[in-house]
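Novice: Any chance you could fold what I've pasted below:
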Amino acid sequence: MYVTVYGNNATCPEVDGACSCFLVETAGKKILLDMGNGSLAKLQRDVDISTLDLIVISHLHFDHFGDLFCAKYQLETRRAQGECISTIPLLTPALPDWAAAELLSNDVFEHYVIDEASQYELESIRINFIAMVHLVESYGVRVEANGKILAYSGDTGLCPQLSILAAGADIFLCEATFSDGMCAEDGHHLSARSAASCAAENGVGHLLLTHFHGDQAAEILENASKRFPATELTRIGGRYEV
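Specialist: Modelled structure (predicted):
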């Protein structure tokens, strides 16, 4: 299993950056986790989006699903110009009416609504969802295939579910929005130290930090590494073996 990062900025894209977007490749399938603002341009360097086998959206903040609208427009335009493009399964929390009207027309996506009881299987790949605590309905994602586990936090504040999500993961792809001294963890986002503590306490193999501000990157890494040495900052374009 491999994960490639096409966006890791917090809240909004930085200069030449992009928000949350991760391509998981395993068992011959390509699964996209989130498609935040600015990520589509990065993703298309390597991937024809019509070849994606599945798109999963953790929650409905634009830094996690904003470019999904652009992807939909591209795919329906290509179809209108004569390309044969298959419908792509799309897993999201329940969409508001305005978003459903934009995203679910013209059969570009086959839509499935996720909740905390959801499980999705794609041949030998199993995907489970765990409800996290955030400002809106938000889910952590566990992808299991070929004996490997990738856990992705999405956006979350401190909550007991974080340990369930991370337990035994070979890679824990976790948000680290705050450095030490900043606080909004209750129901909002995580600090790097909290992400590292969760990894250390729950048998994680490797911690990949995402959703951070670039000007705080060095401090974020230092805060986390003190608690969990097997920590790395994601970089856009970086490809990691699970």
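Novice: Now do the phi/psi pair for Glu116.
Specialist: Here is the backbone geometry of Glu116 (degrees, to the nearest 10): phi -70, psi -10.
Novice: what's near enough to touch the closest residue in space to it that isn't next to it in sequence?
Specialist: In this structure, Glu116 finds its nearest non-sequential neighbour in Ala131, 3.9 Å apart by Cβ to Cβ, 6 or more residues apart in numbering. (Glycine included, C-beta is placed from N, CA and C.) Contacts for Ala131 (Cβ atoms under 8 Å, 6 or more residues apart in numbering) come out as 115-116, 137-140, 161.
Novice: likewise Leu75?
Specialist: Contacts for Leu75 (Cβ under 8 Å, 6+ apart) come out as 49-50, 85, 88, 108.
Novice: Rebuild those residues as a markdown table, extending it with distance to Ile31.
Specialist: A markdown table is the format used below for the contacts of Leu75 (distance: Cβ to Cβ, whole Å):
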| residue | distance to Ile31 |
| --- | --- |
| Ile49 | 13 |
| Ser50 | 15 |
| Ile85 | 18 |
| Ile88 | 11 |
| Val108 | 17 |
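Novice: Give me the three-state assignment for the residue of the chain most remote from its centre.
Specialist: Distance from the centre of the chain peaks at Gly82, with 31.6 Å (Cα atoms, centre = their mean). Here Gly82 is recorded as coil under DSSP: H, G, I helix; E, B strand; the rest coil.
Novice: the strands in the chain, which residues?
Specialist: 2-7, 21-26, 29-35, 54-56, 88-92, 109-113, 119-122, 125-131, 139-145, 148-152, 171-175, 206-210, 231-233, 239-241 (DSSP state E).
Novice: quick revisit: which among the contacts of Ala131 count as buried?
Specialist: When neighbours are counted using 16 or more other Cβ atoms under 10 Å, the contacts of Ala131 contain these buried positions: 137-140, 161.
Novice: one step back: what's the closest of the contacts of Leu75 to His206?
Specialist: Proximity of the contacts of Leu75 to His206 (Cβ to Cβ) peaks at Ile49, which lies at 27.7 Å.
Novice: Distance-wise, check the closest one relative to Val113.
Specialist: Counting by Cβ to Cβ, to the nearest Å, the gap from Ile49 to Val113 is 22 Å.
Novice: out of these two, which sits in the busier spot?
Specialist: Shown here are Ile49 and Val113; by other Cβ atoms under 10 Å, Ile49 has more neighbours (21 against 11).
Novice: Near the residue lying closest to Arg235 once chain neighbours are set aside, how many residues? Count them for me, please.
Specialist: Among residues not flanking Arg235 along the chain, Val5 sits closest, at 6.5 Å (Cβ to Cβ, 6+ apart). Using other Cβ under 10 Å, the number of residues around Val5 comes to 23.
Novice: Look up how far Leu75 lies from Val5.
Specialist: Per Cβ to Cβ, Val5 is found 23 Å from Leu75.
Novice: picking up where we left off before, state the distance from the residue nearest to Arg235 to His211.
Specialist: 11 Å.
Novice: same thing with Gln81?
Specialist: Separation of Gln81 from His211 (Cβ to Cβ) stands at 36 Å.
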